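S.K.: My questions concern the predicted model and sequence given below.
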Amino acid sequence: TFVSLRHFSSANMSSDSEEDKEEEQEQDISSQEVVTKYRLAGDIVNRTLQKVIADCKPGALVVALCDIGDKAITEETKVVYPKTKIEKGIAFPTCVSVNNCVGHYSPLASESTQTFNVGDIVKIDCGCHIDGFIAVAATTIVCGQDPSQPVTGKAADVILAAWNAGEAALRLIKPGNKNSQITAAIEKIAKEYGVNPVEGVLSHQMKRFVIDASKVIMNKTTVDQKVDEVTFEPNEVYHIDIVMTSGEGKTKELGDERTTVYKRAVDQNYNLKMKASRQLLSQVNTNFPALPFSLRAVGDEKVGRLGVVECVKHDLLHAYPVLFDKPGEVVARFAYTVLLMAAGALKLPCPQVVRVKSEKQIQDAELKALVFSAVKKGGKKKKKASKGKAKEGEGMEDDEEEGGDAGETSKASADAMDTS
């Protein structure tokens with residue numbers, strides 16, 4: 001999740017009541033049924049990202065890819081638990097952010113004609129939930145990349161820094177460790193590659209129907225942006241979100257790019273004056289009562305455009321603004337969902353399709369040992385090491401998933417489709 005400076009103070013203020021904590025204990029990942037639902041959501045997100053990647057071609061419309069992603073999640077969730085009345089669907093709308101656009105770009109069809117060019121650095125992210133159990137992931141690709149030729153230069157530095165920071169986070173996120181350890185590792189890896197973590201990016205703990213719970217991990221600490229130090233505990237679930245840039249890491253909103261992704265502020269109420277505002281809020285309360293949505297999903301874009309202004313003014317909706325680094329800078333992002341299982345970290349599957357080769361490597365011996373160490377995996381027996389393991393300065397071709405493979409997750413999907 002990204003927040004602008006003016007949104008940051010409210011992003012770390014959620015709290016958990018005693019009632020919520022009791023509900024949590026009954027619905028955490030100590031239950032195999034809950035783990036299965038997380039796996040199902042993760043499998044759908046992974047396949048959705050693969051579909052969007054396949055259609056990311058020069059000349060294609062950005063908004064078309066956002067629609068492809070959202071429709072894929074909606075269609076796939078229809079066939080799981082078909083005989084059980086549970087909520088399921090999009091947990092975060094598909095966003096496709098190009099080059100120096102950091103994130104949250106999910107435009108309205110009537111307002112965007114942006115297409116892809118060869119060499120564009122494309123960040124794709126989306127989220128799915130089954131019964132409120134959320135999986136979110138993001139990946140970075142290069143549009144029109146020749147598979148036989150690795151990405152090089154500053155794009156490779158940024159992509160590899162983001163990837164390896166995610167690998168470090170996966171190894172550090174375990175019970176007893178603290179969020180500050182992950183933030184420190186992210187900043188150190190960025191320095192090794194001569195890039196910067198993007199300010200205002202938060203990795204969140206997730207709970208049932210809560211995509212941004214109170215425990216967070218910062219991508220980068222600054223004088224203005226700090227969070228409480230917290231300790232990771234067993235049976236928690238996190239969305240790890242790593243964003244790196246070749247620039248300074250400071251983002252801004254551009255006036256000509258409309259914010260389209262919002263989330264209902266569940267603790268706020270107001271007697272809206274405009275008809276369009278009331279129509280919009282009614283749809284949100286019915287269809288998106290707790291999780292983020294895109295104005296495209298409202299149906300009538302005019303109602304969405306008109307109604308959202310009053311809703312935001314009176315704090316009924318939280319905005320996810322479209323953020324940018326300076327033109328010409330390269331921004332890369334990788335994100336995944338991880339379950340802190342008793343046996344170890346279970347990383348839900350997500351694509352890793354970019355082949356890169358950087359002239360820079362991690363020189364710090366302790367940091368290098370961390371990034372390239374084996375992961376204690378939860379949920380399955382450890383895989384044998386691949387004979388074709390990538391060298392330190394290159395990689396991300398093998399599409400290996402930590403803590404579970406696509407076959408195992410697909411079996412869970414098949415089981416759920418037959419569940420009554």
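M.R.: That came through, no problem.

S.K.: From now on I want contacts and neighbour counts done on CA atoms only, so please keep to that.
M.R.: Will do.

S.K.: Next one: the most centrally placed residue in the chain from residue 270, what distance?
M.R.: The C-alpha lying nearest the average C-alpha coordinate of the chain belongs to residue 137 (C-alpha atoms, centre = their mean; 4.1 Å). According to C-alpha to C-alpha, to the nearest Å, residue 137 and residue 270 sit 34 Å apart.

S.K.: same deal with residue 28?
M.R.: 33 Å.

S.K.: Over to residue 64?
M.R.: For residue 64, the distance to residue 270 equals 35 Å [C-alpha to C-alpha].

S.K.: Tell me the confidence at residue 137?
M.R.: Residue 137 is assigned 98 on the pLDDT scale.

S.K.: related to what we said a few turns ago, check contacts around the residue nearest to the centre of the chain.
M.R.: Neighbour list for residue 137: 45, 46, 125, 126, 127, 239, 334, 335, 336, 337, 350 [criterion: C-alpha atoms under 8 Å, 6 or more residues apart in numbering].

S.K.: Can you name the residues bridging to the fifth one?
M.R.: Beta bridges link residue 127 to residue 92, residue 136 when assigned by DSSP bridges.

S.K.: Hmm, residue 95 and it touching each other?
M.R.: No: Residue 127 is beyond contact range of residue 95, at 9.9 Å (criterion: C-alpha atoms under 8 Å).

S.K.: For those two, indicate the residue with more neighbours.
M.R.: Ranked by neighbour count (other C-alpha atoms under 10 Å), residue 127 and residue 95 place residue 127 first, with 31 against 27.

S.K.: Now do that one, the pLDDT please.
M.R.: 98.

S.K.: buried stuff in the helix or strand hosting residue 184?
M.R.: Following DSSP states H and E, the helix or strand that holds residue 184 is helix 179-192. For helix 179-192, the neighbour count (16 or more other C-alpha atoms under 10 Å) marks 179, 180, 182, 183, 185, 186, 187, 188, 189, 190, 192 as buried.

S.K.: Looking at residue 28 and residue 270, which has the bigger crowd around it?
M.R.: residue 28 (20 against 10).

S.K.: For that one, which residues are in contact?
M.R.: Contacts of residue 28 (C-alpha under 8 Å, 6+ apart): 34, 235, 236.

S.K.: Same list (those) but as JSON lines, adding neighbour count, secondary structure and distance to residue 298.
M.R.: Below are these laid out as JSON lines (neighbours: other C-alpha atoms under 10 Å; DSSP: H, G, I helix; E, B strand; the rest coil; distance: C-alpha to C-alpha, whole Å):
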{"residue": "34", "neighbour count": "19", "secondary structure": "helix", "distance to residue 298": "30"}
{"residue": "235", "neighbour count": "19", "secondary structure": "coil", "distance to residue 298": "35"}
{"residue": "236", "neighbour count": "19", "secondary structure": "coil", "distance to residue 298": "32"}
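
S.K.: Would you mind giving those residues as JSON lines with distance to residue 153 added?
M.R.: Formatted as JSON lines, these follow (distance: C-alpha to C-alpha, whole Å):
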{"residue": "34", "distance to residue 153": "43"}
{"residue": "235", "distance to residue 153": "40"}
{"residue": "236", "distance to residue 153": "38"}
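
S.K.: Please identify which of those is nearest to residue 367.
M.R.: Among the contacts of residue 28, residue 236 lies closest to residue 367 (C-alpha to C-alpha), at 25.0 Å.

S.K.: Hmm, residue 340 and the closest one touching each other?
M.R.: Yes: here residue 236 reaches residue 340: they are 5.4 Å apart, a contact under C-alpha under 8 Å.

S.K.: residue boundaries of the strands in the stretch 151-300 of the chain?
M.R.: 196-197, 202-206, 216-218, 237-245, 252-253, 261-264, 293-294 (DSSP state E, counting those that start in this stretch).

S.K.: Repeat that for the stretch 301-420 of the chain.
M.R.: 317-320, 323-324, 331-341, 344-347, 356-357, 394-395.

S.K.: Out of those strands, which is closest to residue 87?
M.R.: Using C-alpha to C-alpha, those put strand 331-341 closest to residue 87, at 19.6 Å.

S.K.: tilt between the closest one and strand 237-245?
M.R.: Relative orientation of strand 331-341 and strand 237-245, computed by axes from the mean of the first three to the mean of the last three C-alpha atoms, to 10 degrees: 160 degrees.

S.K.: would you turn the contacts of residue 28 into a markdown table with distance to residue 165 and pLDDT?
M.R.: Formatted as a markdown table, these follow (distance: C-alpha to C-alpha, whole Å; pLDDT from 0 to 100):
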| residue | distance to residue 165 | pLDDT |
| --- | --- | --- |
| 34 | 28 | 97 |
| 235 | 23 | 97 |
| 236 | 20 | 97 |
